[in-house]
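K.L.:
fold the following and give me the result.
(2 chains)
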Amino acid sequence: MAALTEEQELLKEQAKSWANEEAPVSSFRAMRDAKVEAGFDRGTWKSIREMGWAGILVAEEHGGVAMGHLTAGVVLEELGRQLTASPLFASAVVGATAVELAGSDAQKSAWLPRIADGSAILTLAIDEGPRHAPLQTALAAEAKGDGFVLNGNKVHVLEGLAADAFVVVARTRGSKGEAAGLTLFLVDGDANGVSRTRLSLADSRGYAIVELAGVEVGADAVMGEVGGAADVLDRILDIARATLSAEMLGVAAQSFDMTLDYLKNRVQFGQVIGSFQALGHRAAGLFTEMEMARSCVEGALQAIDDDADDVALLCSLAKAKAGDFLHHMSNELIQIHGGIGMTDEFDAGLFLKRARAVEATFGNQSFHRDRYATLQGF
Amino acid sequence: MSDEANLEAFRETARAWLADNFPKSIAGRGAELVGGETLRDMPDDLALWCKNLGEKGWATPTWPAEYGGGGLSQLEAQALEKEMRKVGAFNPLVVKAGMGITMVGPTILEYGTEKQKQKHIPPICRGEVFWALGYSEPNAGSDLASLQCKAEDKGDHWLVNGQKTWTSGADVAQWIGCLVRTDFDKPKRDGISFVILDMDQPGIETRPIELIAGASPFCETFFNDAKADKDEILGDLNAGWTVGKRLLQHERNSQTQARSAGGAGAKRSLQDLAKDYVGTDVNGKLADAELRSRLADHMMKAQAQRLTIQRVTAEARGNAKVSAAVSILKNAASAVAQERAELVVEMMGHQGLGWTGDEFEDHELAAVRDWLSGKAISIYGGSFEVQNNIISKNILGLPETTQRG
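P.N.:
Purely as a prediction, here's the structure:
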């Protein structure tokens, strides 16, 4: 495992100051209060596009800068610190990765340049129930002529309202629970039979239920092999998980900093409360957990960049450890702040709500502990 | 030549030297040395390897060559370690020197006078001397600064009286570095000095301590009018607290590796051990679902700890500066090691508690000792709680009140 390069450190500083100035927590709060339908602020997204970050994973031949996953993680972590809401993760990371890994040349040429400049939003529509379970896919794709007809529902689709197109995980054969028979389709958001319903979750992000009722697509909508998408889907999800772990680390690190700051400034019993050993030790424990989580996140992202053999294992490790720390830290953020932490006026609640939402996205801690055990052969 | 070319040239040199100097008969047997065991069937080959390694200075690869060290850069030392691992070579002098290589030597190199360096460093490099340390006392454990063992200035020597405890290897040591009180009038941390004593004198007696896991390397050490040379104070007089703390950082640095090599399950993976004792269901999953989940959680923590060591090493960019960050690594490592030992005993059931007898496999007998002796990991070198004081104060910058350490 290597340290961040000078270039990555510079980008970190750049992303940090961008987020502080252009998209601080207060702008996320304003978006929430304005009840913006899409779940993100268009101005913020425009500014992100101008920074060039939408092309961070896309190859240069398709208009991106292809800076790698560890670098993308550096940016997402800093944006996570300010709870910045944008399609950057859903589209520029997950959507772009799906097209890059599973898309045909025609699909790549059509979509990657638009993802890279942010003019199109492409998101993954995968889960059909409340919990992440890729193999439980039931959404049916039946062959018809040269193409397919899609019928079924997808829930909790991130940026599902704003998306221009969906990467839909469908089943061309087999039944729920089986890996064989999964197929990916690239479905236009405007296609006949596609409808969306906004989902209002505690974290105020843009989620939707996407219904596909008799949606007809051509053979050119298939991404990769018909019925053989399980492996590539795993890889797409792993990249999504590791990158999201970086954002989670940012949310947690900011929660830690806020808490530490409070420990140093809040006075009770005539002294700052950070001088109490009971609190000092909790801070020390949280800091230790944070350092461990960071190693897992950077280790997983680097393994992806290196195309290492243990990418799956490390991505489950990263998602679980970032999730464990974020879960613990977001609770301590409230507890250590006491009453003020319970008020909506203070930001702690926004961090807590974001925490649980990202923990559940693409597999929570218990999902990844189970997967880790399976990958380790027990 | 570029750095990379230089390094490659060094690797070539190291390979050639190892081929000529490392007896292949003892390849891969380094783990057997831990805990004072020697290779009884190969004493001559081990002795030869110790001599060759010591004379080359490569048991202490980054120490200055002028005092008998290897004079290598961090990168070269890492390359050497890698080459050694490739051929199954190991560094027996780390064990033979007691605390000499891991703690005392680096501290003498940092604080010692020229005379002290000339006197003490070369024998450590050659693995000729075993060093013990006298820190804790019966009434000065975590509150080390309240220590009472004293050294009086008698003109041409120091006269030492008092008792130390947890002095690992004192019964076999040639030298001991002790924290002693040299000024009773100053605030407690300010009247302490670090003094070096020759163990071979009538004023020092040692008594081994039996622990919950059985025999141990620990001793009680008694000083009754023991003498130290006048010029054997390390660092300034009454500055022993600073010197001693620095030495402890070197100690923690050597304890940051989770102790997974020794004891039970060293040869078999934890998951294989679990499958043997607990069994599996039709899908090959551990039959005890709850244990399976905790085992996965443990293995994740262990991997996170290993990745953190790699990251901290990489971030230091070859500059092996020992810092307060070792407190984080030490606490994480001790938690991982203790949890592992608990899991091993738990998955073996009553077989994991075998104390003696042929009814138990060697690895079962080792598991119980490993589990019990491992309880010390979060106590020695500054307890878990003391490390948390250090993290909260020195890393996080939280104010100090009654907490000291």
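K.L.:
gap between the residue of chain A most remote from its centre and chain B?
P.N.:
Relative to the C-alpha centroid of chain A, counting by Cα atoms, centre = their mean, A:G270 is the outermost residue, at 43.5 Å. Distance of A:G270 to chain B, given as Cβ to the nearest Cβ, to the nearest Å: 11 Å. In short, each C-beta sits where N, CA and C put it, glycine included.
K.L.:
likewise A:V358?
P.N.:
Noted for A:V358: a distance of 18 Å to chain B, by Cβ to the nearest Cβ.
K.L.:
picking up where we left off before, how about the residue farthest from the centre of chain A, phi and psi?
P.N.:
Phi and psi for A:G270, reported as degrees, to the nearest 10, are phi 80, psi 10.
K.L.:
so the most centrally placed residue in chain A is in which element?
P.N.:
Residue closest to the average C-alpha location in chain A (Cα atoms, centre = their mean): A:L244, at 4.0 Å. Here A:L244 is covered by helix A:230-265, with elements defined by DSSP states H and E.
K.L.:
report all helices and strands that that helix contacts.
P.N.:
Helices and strands touching helix A:230-265, by 3 or more Cβ pairs under 8 Å, 6 or more residues apart in numbering or on different chains; DSSP states H and E, are helix A:69-81, helix A:96-102, strand A:182-188, strand A:271-272, helix A:277-306, helix A:311-337, helix A:348-360.
K.L.:
okay, the ones you listed, which one's buried deepest?
P.N.:
The highest mean neighbour count among the helices and strands packed on helix A:230-265, using mean count of other Cβ atoms under 10 Å in any protein chain shown, belongs to helix A:69-81: a mean of 26.
K.L.:
now B:F360: phi and psi?
P.N.:
Main-chain torsions, B:F360, degrees, to the nearest 10: phi -110, psi 140.
K.L.:
okay, the residue of chain B most remote from its centre: pLDDT?
P.N.:
No residue in chain B sits farther from the centre than B:V282, which is 44.2 Å out by Cα atoms, centre = their mean. With respect to pLDDT, B:V282 scores 93.
K.L.:
cool, and B:E4?
P.N.:
Looking at B:E4, its pLDDT is 82.
K.L.:
what's the answer for the one 5 residues further on, then?
P.N.:
The predicted local confidence for B:A9 comes out at a pLDDT of 94.
K.L.:
helix or strand for it, which one?
P.N.:
helix B:3-21.
K.L.:
can you name the residues in contact with that helix?
P.N.:
B:1, B:49, B:52-53, B:56, B:72, B:75-76, B:79-80, B:83-84, B:87, B:89 (Cβ atoms under 8 Å, 6 or more residues apart in numbering or on different chains).
K.L.:
buried residues in that helix?
P.N.:
B:L7, B:F10, B:A14, B:R15, B:W17, B:L18, B:N21 (16 or more other Cβ atoms under 10 Å in any protein chain shown).
K.L.:
end-to-end on stretch B:152-168?
P.N.:
End-to-end distance for stretch B:152-168: 25 Å, by Cα to Cα, to the nearest Å.
K.L.:
leaving out sequence neighbours, find the closest residue to B:A376.
P.N.:
Nearest residue to B:A376, sequence neighbours excluded (Cβ to Cβ, 6 or more residues apart in numbering or on different chains): B:L211, at 7.6 Å.
K.L.:
for that neighbour, give its distance to A:A213.
P.N.:
72 Å (Cβ to Cβ, to the nearest Å).
K.L.:
burial count for A:F269?
P.N.:
A count of nearby residues for A:F269, using other Cβ atoms under 10 Å in any protein chain shown, gives 8.
K.L.:
next, work out how far apart it and A:F276 are.
P.N.:
From A:F269 across to A:F276, the span is 9 Å (Cβ to Cβ).
K.L.:
again with B:M103
P.N.:
B:M103 sits 33 Å away from A:F276 when distances are taken as Cβ to Cβ.
K.L.:
how far out from the middle of the chain is stretch A:102-112?
P.N.:
Chain-centre distance of stretch A:102-112: 22 Å, with Cα atoms, centre = their mean, to the nearest Å.
K.L.:
export it to CSV, keeping only CA atoms.
P.N.:
Extracted C-alpha coordinates of stretch A:102-112, given in CSV (Å, rounded to 0.1, in the frame of the first residue of the first chain):
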residue,chain,number,x,y,z
ALA,A,102,-19.9,-3.7,-19.6
GLY,A,103,-20.8,-1.4,-22.4
SER,A,104,-20.4,-1.9,-26.1
ASP,A,105,-18.2,0.4,-28.2
ALA,A,106,-21.3,2.2,-29.4
GLN,A,107,-22.6,2.6,-25.9
LYS,A,108,-19.3,3.9,-24.7
SER,A,109,-19.1,6.5,-27.5
ALA,A,110,-22.7,7.5,-26.9
TRP,A,111,-22.6,7.9,-23.2
LEU,A,112,-19.1,8.3,-21.7
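K.L.:
sorry, back to before: now the helix holding A:L244: buried residues?
P.N.:
A:230, A:232-256, A:258-260, A:262-264.
K.L.:
give me the contacts around stretch A:15-23.
P.N.:
Counting by Cβ under 8 Å, 6+ apart, A:41, A:44, A:47-48, A:51, A:53, A:74-75, A:78-79, A:81-82, A:84, A:86 sit against stretch A:15-23.
K.L.:
go with 7 Å
P.N.:
By Cβ atoms under 7 Å, 6 or more residues apart in numbering or on different chains, the residues outside stretch A:15-23 that reach it are A:T44, A:S47, A:M51, A:V74, A:V75, A:E78, A:L79, A:R81, A:Q82, A:T84.
K.L.:
quick check: the farthest pair among those residues?
P.N.:
Within these, A:T44 and A:V74 form the most distant pair, 18.7 Å apart (Cβ to Cβ).
K.L.:
assign A:F148 to helix, strand or coil.
P.N.:
Assigned with DSSP: H, G, I helix; E, B strand; the rest coil, A:F148 falls in the strand class.
K.L.:
so it bridges to which residues?
P.N.:
A:A143, A:V217 (DSSP bridges).
K.L.:
distance of it from A:M342?
P.N.:
From A:F148 to A:M342 the distance is 51 Å (Cβ to Cβ).
K.L.:
got it, and A:D310?
P.N.:
The value you get for A:D310 to A:M342, if Cβ to Cβ is used, is 42 Å.
K.L.:
now do A:A3
P.N.:
A:A3 sits 39 Å away from A:M342 when distances are taken as Cβ to Cβ.
K.L.:
same question for A:V217.
P.N.:
Distance, A:V217 to A:M342, using Cβ to Cβ: 49 Å.
K.L.:
neighbour count winner among the two?
P.N.:
A count of neighbours by other Cβ under 10 Å puts A:V217 above the other of A:V217 and A:M342, at 22 against 12.
K.L.:
hmm, which helix or strand of chain B has the shakiest average pLDDT?
P.N.:
Lowest mean confidence among the helices and strands of chain B (mean pLDDT, DSSP states H and E): helix B:240-254, at a mean of 86.
K.L.:
for chain B, which segments count as strands?
P.N.:
B:131-134, B:150-153, B:157-165, B:175-181, B:192-198, B:204-208, B:219-229, B:233-234 (DSSP state E).
K.L.:
need the winner for burial among these.
P.N.:
Of all the strands of chain B, strand B:131-134 has the most neighbours on average by mean count of other Cβ under 10 Å, namely a mean of 28.
K.L.:
model confidence over it, on average?
P.N.:
On average, strand B:131-134 scores 96.
K.L.:
also stretch B:313-327?
P.N.:
For stretch B:313-327, the mean per-residue pLDDT is 72.
K.L.:
do me a favour and get the end-to-end distance for it?
P.N.:
Stretch B:313-327: ends 15 Å apart by Cα to Cα.
K.L.:
how about stretch B:138-156?
P.N.:
Start and end residues of stretch B:138-156 are separated by 30 Å (Cα to Cα).
K.L.:
cool, and stretch B:281-300?
P.N.:
Criterion Cα to Cα; first-to-last residue distance in stretch B:281-300 is 22 Å.
K.L.:
can you map out the helices along chain B?
P.N.:
B:3-21, B:43-56, B:74-86, B:93-96, B:105-111, B:114-125, B:240-254, B:270-278, B:289-315, B:326-348, B:362-373, B:384-390 (DSSP state H).
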